[in-house]
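Colleague: Fold the following and give me the result.
(chains A, B and C)
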Amino acid sequence: MDKRQIKRFLVSFFPFLVFLISVASPSGNYVFRSVQPASLPQPSPPPYVAFRNGTFYLYSSPFGTWRYPGLIPVSVNGPLIYINSDCPFGLPTYLRGPGGYELDVFVPPGYQGTCRAELLYGSWSAEYVFKVREVDWYPGVDVRAAVVLNGSGWQFLQVAPDGALYAWGVEIGQLPFSGCVVERGGVLAITQQMPYTELAPGVLVNGSPMWVPYPQSGTSLASFLLDLRGNGTFYLYPAPCLKVEAPPAPAVDPIAEASANDIGLMGAPTPAAYVLARPKLAVAYRIEGPVATVVAANGSSIADRIYIYGFGLPVDMHMLLYYIYFTPTAYLTSDLVLFGSRPPAGRLGPFWAFPGNGTTYYYLGPMEPYLRNAPLPFGAPRGWAGPFIVVADGTGRWGGLPQVVSVAVERLGPWS
Amino acid sequence: MDPVLALMAGSIAALIPLLAVMYKGSDLDYTRAAGLISSFAAGFVFGVLAQLWAQFYARFTYLLALGLMSASLGYSWWGIYRRWWTAYLFAAAGWIYLIVLIAAARALGLPDPFLI
Amino acid sequence: MELTPLLAGLVWGLALSVARQWAEQKAAGRADRSELFPDRDVVTAFIVLGTTANVYSALLIASGAPQVYARPSALVALALVTASQLLIFLIALRPSRLDLDLALAASAPYVYLAALWIAAQALGAYTLWLF
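Modeller: Numbering: from 1, shown residues only, chains lettered A, B, ... in the order given. As a prediction, this is how the structure comes out:
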C-alpha cells in the first residue's frame, strides 16, 4: 500500500478513538472529567472527637448507640466508590456518584477497639482508622452537670426547664441547664416529664405562681427518684427523655388523705349555728407515670376551696400538694385546720412531723398546721394560700430535704 | 423534554440529505428544498417523541406515532433523492395522524394525546 | 456516551461538511471535483467525524471543571482539540490538495488521548489526566 492509502485509512480511523475511549473505559465518561474517583474533604468532627492523621478517636457509651451525624464527608467524582470496613458502624458498602455524602457513624454500646474503613475503586484507595474507647457518659451530648446532694432516704427530685432543681416541690438549687437524662452510679434513672400549668394564671402566692400538675401542658418538669445515704452524686445530661416501659406508680387517694387529716376544715359562723365546714372533694383527673402518679381532686365548702394533688410514688412514700382559696368574707373563726388536727410530734428542718400508724407525715406550709378550739376567735384568712406540701414517709428513713453540696459542669473532651 | 435535543435531531435529519445532495453535485431546486424542510420537521417531532419513551412506551398510539414519524422521514429523503414531491404527501400522513390525536385528546379533555 | 455532546458535535460536523461542499463548488466551477480534490470522500467523512470527536472531547473535559483544569495534561488536550478544530475549519473552507495531510495533522488530539488512555490502563489509573 502506498503512503496515500495509509494516510486515507488513518484519517478515517483516528476520530473513532475518542468514542472508543468513552465506550471502553471501565468508568465510562468519568475518565475524561474526574481526576480522582472521590475526594475526601477535611472532616469537621464534634468537639469531643479528635481527628489526626486519618484517625478518628471516638467514644462509645454503655447506655446506648452513640450517633455521630455527618462525621465522614465524601465527595464522589466517578460513577461508584466501594467501602470496605470491618467496623460495626452501619456504613454503606458503596456510594453512587457523582455527589457529596456525609456519612453517619453509629457506634454500638460498649464497643471498644480499633477498626478500619477503606474506600476504594480499582487501584485508588483511601483509608480511615477509628479508635473507640468506652466512657461512662450518655451518648450524643458533650456536657453534663455533676450534682452532689446530701440527705437521707428517698428524694423526689424535679428539674424545671430553666434549670431550677426542686425536691418534693421545694426549690433547693439551680442547675446550669435542664435535661431529662439522669445517671446515678453508672445506671440511668427512670425519668418522667410531668406537665405543669398555672392553677390561676397571673396570680402570685408567696411571690411565685401556683404550678400544679395538669395533663398536656406546655411546661414539663423532669421528675425522678434518688435514694440518698449521706452524700450522693448524680449527673444530669441535656438530652430528651428516654422512652421507658415501666409499670405506673401506685396512686394515692387524696380525698381519703384529706378527710383523714381534716385538710381544709374551718369553723364558719352561720346565722343558725357555728358549723365546722369540711370541703367535699371529687377527683378531677389522673396523670400516670413510672415515677409518680398524680391524682388531682378539688372541691369546696362554704368557707374555702381546695385544689389537692396526690403524688403516688413506687417507694412507699407519697406526697400531697394543695392550694386553698379562702372565701373572702370577713368573719371570725375558732377552728382552722390545714393538716392534722392533732399536735405535731416535732420538727424536721422546716417540716412539722405528724407520726401516724406506720407512716410519718411531714407538713410544710406558710401557716401553722392547725388551730382547733382557739380560746378567742381570730380572723379567717382571705384569698389564695399555699403551697402546702405534705410528705408521707412509710420507710422511716427520710431525713428531710436534701441539700445541694456542689454543682459542677463537666465537658467531654477528645480522648487523644 | 429537552427542546435542544429535538432541534439537534431535526438538524441532523435535514443536514444528512443536504450533504448527500451537495456531495454528488446535484442541483438543489425547490422540490429538494421542500424535502429538506420536511425532513427537519419530521426529525424534530421524532426527537420530541423519542424523549417521552419512558412515559409512553406501553401505548400503542405512541409507538404508531414513532413509526409514522420514521416513515415520514424516510419518505422525505426518498422525495429528495428522486425529486418526487408526491412522496411528501405520504410524509404528511404522520403529521395528520398526530394532529388528529392531539385534537381528539383536547376535545375529550385528556391529559396526553396517546389515547390507547 | 453522552447524547447531548455527541449530537451537538454531529450537527456542527454536518454543517461544516456542507460548507466544504459549497467551498469545493466555488473552487472547482465547472471542473470535475473528484479530480481536483482526489480524497474528498475521506476528507468529508473526516470533517464530520473529527468535529464530532472534538466537540465531544471538549464538552466532556469541560464538565469536569474546576478540578480538571488543574491538570496540565487536560489543558494540553483542550489546546490540541482547539487547534484541530481550527485546522478542520481550514480544510472545510479552503479546499486544497494538502487536505489529507492537514487532516492527519488535525488527528493529533485523538492520538494523544489514545496514548494517555493506554498509559492509564497500564498504570491502573482511573483518569486520563496522568500529569
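Colleague: How many neighbouring residues does residue 77 have?
Modeller: As the question left the chain open, I've gone with chain A. 23 (other C-beta atoms under 10 Å in any protein chain shown). In short, each C-beta sits where N, CA and C put it, glycine included.
Colleague: Please refer instead to chain C.
Modeller: By other C-beta under 10 Å, the residues close to residue C:77 number 22.
Colleague: so how far is chain B from it?
Modeller: Distance, residue C:77 to chain B, using C-beta to the nearest C-beta, to the nearest Å: 24 Å.
Colleague: How are the strands of the stretch 51-200 of chain A distributed by residue range?
Modeller: A:55-60, A:66-76, A:80-85, A:94-96, A:99-107, A:113-121, A:124-134, A:143-159, A:164-167, A:170-174, A:181-184, A:187-188, A:192-198 (DSSP state E, counting those that start in this stretch).
Colleague: What pairs with the shortest one, parallel or antiparallel?
Modeller: It stands for strand A:187-188. Strand A:187-188 pairs in its sheet with strand A:181-184 (antiparallel), by DSSP bridges.
Colleague: And the contacts of the strand it pairs with?
Modeller: A:63, A:136, A:138, A:141, A:144, A:188-189, A:191, A:222, A:224, A:226, A:232-237, A:239-242 (C-beta atoms under 8 Å, 6 or more residues apart in numbering or on different chains).
Colleague: Just the buried ones among the residues you listed, please.
Modeller: The neighbour-count criterion (16 or more other C-beta atoms under 10 Å in any protein chain shown) marks A:63, A:138, A:144, A:188-189, A:191, A:222, A:224, A:226, A:232, A:234-237, A:241 among the contacts of strand A:181-184 as buried.
Colleague: Quick check: the farthest pair among these?
Modeller: Using C-beta to C-beta, the buried ones among the contacts of strand A:181-184 span at most 21.5 Å, a distance reached by A:232 and A:241.
Colleague: Output the strands of the stretch 51-200 of chain A as a markdown table; include the columns mean pLDDT.
Modeller: A markdown table is the format used below for the strands of the stretch 51-200 of chain A (pLDDT from 0 to 100):
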| stretch | mean pLDDT |
| --- | --- |
| strand A:55-60 | 94 |
| strand A:66-76 | 92 |
| strand A:80-85 | 91 |
| strand A:94-96 | 91 |
| strand A:99-107 | 92 |
| strand A:113-121 | 92 |
| strand A:124-134 | 92 |
| strand A:143-159 | 94 |
| strand A:164-167 | 94 |
| strand A:170-174 | 93 |
| strand A:181-184 | 93 |
| strand A:187-188 | 92 |
| strand A:192-198 | 92 |
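Colleague: so which of the buried ones among the contacts of strand A:181-184 comes closest to chain C?
Modeller: Lowest distance from chain C to the buried ones among the contacts of strand A:181-184 (C-beta to the nearest C-beta) belongs to residue A:138, with 42.1 Å.
Colleague: correct me, but that closest one touches residue A:241?
Modeller: No - the criterion here is C-beta atoms under 8 Å, and residue A:138 misses it with residue A:241 at 11.9 Å.
Colleague: And the strands of the stretch 51-200 of chain A: which comes nearest residue B:23?
Modeller: Of all the strands of the stretch 51-200 of chain A, strand A:80-85 comes closest under C-beta to C-beta, at 44.7 Å.
Colleague: Which residues outside stretch C:106-123 are in contact with it?
Modeller: Contact with stretch C:106-123 is made by A:10-11, A:14-15, A:17-18, A:20-21, A:25, A:31, C:46, C:50, C:53-54, C:57, C:73, C:76-77, C:80-81, C:83-85, C:87-88, C:91, C:125-130, as judged by C-beta under 8 Å, 6+ apart.
Colleague: filter the residues you listed to the buried ones?
Modeller: Members of those classed as buried by 16+ other C-beta under 10 Å are A:11, A:14-15, A:17-18, A:21, A:25, A:31, C:46, C:50, C:53-54, C:57, C:73, C:77, C:80-81, C:84-85, C:87-88, C:91, C:125-129.
Colleague: list the helices and strands the helix or strand encompassing residue B:103 packs on?
Modeller: Residue B:103 belongs to helix B:86-108 when assigned by DSSP states H and E. Where contact means 3 or more C-beta pairs under 8 Å, 6 or more residues apart in numbering or on different chains; DSSP states H and E, helix B:86-108 is packed against helix B:30-51, helix B:60-82.
Colleague: For chain C, find the nearest of these.
Modeller: helix B:30-51 (9.0 Å).
Colleague: That closest one vs chain C: in contact?
Modeller: No - Helix B:30-51 stays clear of chain C (C-beta under 8 Å from any C-beta of the partner chain), getting no nearer than 9.0 Å.
Colleague: between that helix and helix B:60-82, how many degrees?
Modeller: Angle of helix B:30-51 versus helix B:60-82, following axes from the mean of the first three to the mean of the last three C-alpha atoms, to 10 degrees, is 150 degrees.
Colleague: Report the buried residues of helix B:30-51.
Modeller: Residues B:32, B:35-36, B:38-49 are the ones in helix B:30-51 that count as buried (16+ other C-beta under 10 Å).
Colleague: Skipping its backbone neighbours, what lies nearest residue B:57 in space?
Modeller: For residue B:57, ignoring the flanking residues on the chain, the nearest one in space by C-beta to C-beta, 6 or more residues apart in numbering or on different chains is residue B:63 at 7.6 Å.
Colleague: Look up how far chain A lies from that neighbour.
Modeller: Residue B:63 sits 28 Å away from chain A, going by C-beta to the nearest C-beta.
Colleague: so how many other residues sit close to that residue?
Modeller: Using other C-beta under 10 Å, residue B:63 has 15 neighbouring residues.
Colleague: ranges for the helices of chain C?
Modeller: Here chain C has its helices, by DSSP state H, at C:3-28, C:33-36, C:40-62, C:72-93, C:99-106, C:108-123.
Colleague: Okay, buried residues for stretch B:50-64 please.
Modeller: B:52, B:56, B:59, B:61, B:62, B:64.
Colleague: neighbouring contacts of it?
Modeller: B:1-2, B:5-6, B:9, B:49, B:66, B:97, B:101, B:112-116.
Colleague: How about stretch A:273-289?
Modeller: Residues contacting stretch A:273-289 (C-beta under 8 Å, 6+ apart): A:192, A:194-195, A:213-215, A:223, A:248-249, A:251, A:254-255, A:258-259, A:262-268, A:293-306, A:308, A:334-335.
Colleague: Just the CA trace of that stretch, in CSV.
Modeller: Backbone C-alpha positions of stretch A:273-289 (Å, rounded to 0.1, in the frame of the first residue of the first chain) are rendered in CSV as follows:
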residue,chain,number,x,y,z
ALA,A,273,-75.1,28.0,114.3
TYR,A,274,-71.4,27.7,114.3
VAL,A,275,-70.6,24.9,111.9
LEU,A,276,-67.4,23.1,111.0
ALA,A,277,-67.2,23.2,107.3
ARG,A,278,-65.3,20.4,105.6
PRO,A,279,-64.8,20.6,101.8
LYS,A,280,-66.4,18.0,99.7
LEU,A,281,-63.9,16.7,97.2
ALA,A,282,-64.2,14.9,93.9
VAL,A,283,-61.4,13.6,91.7
ALA,A,284,-60.7,15.8,88.6
TYR,A,285,-58.1,13.9,86.6
ARG,A,286,-55.1,11.5,86.8
ILE,A,287,-51.7,11.6,85.3
GLU,A,288,-50.0,8.1,85.3
GLY,A,289,-46.3,7.6,85.1
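Colleague: Buried residues, it. List them.
Modeller: Going by neighbour count (16+ other C-beta under 10 Å), the buried part of stretch A:273-289 is A:276, A:277, A:278, A:279, A:281, A:287, A:289.
Colleague: From the residues you listed, which land in strands?
Modeller: If you go by DSSP state E, these have A:276, A:277, A:281, A:287 in strands.
Colleague: can you tell me the residue of chain C closest to chain A?
Modeller: Closest approach of chain C to chain A (C-beta to the nearest C-beta) occurs at residue C:64, with a separation of 2.8 Å.
Colleague: The closest residue to that residue other than its chain neighbours: neighbour count?
Modeller: In this structure, residue C:64 finds its nearest non-sequential neighbour in residue A:33, 2.8 Å apart by C-beta to C-beta, 6+ apart. Using other C-beta under 10 Å, the number of residues around residue A:33 comes to 23.
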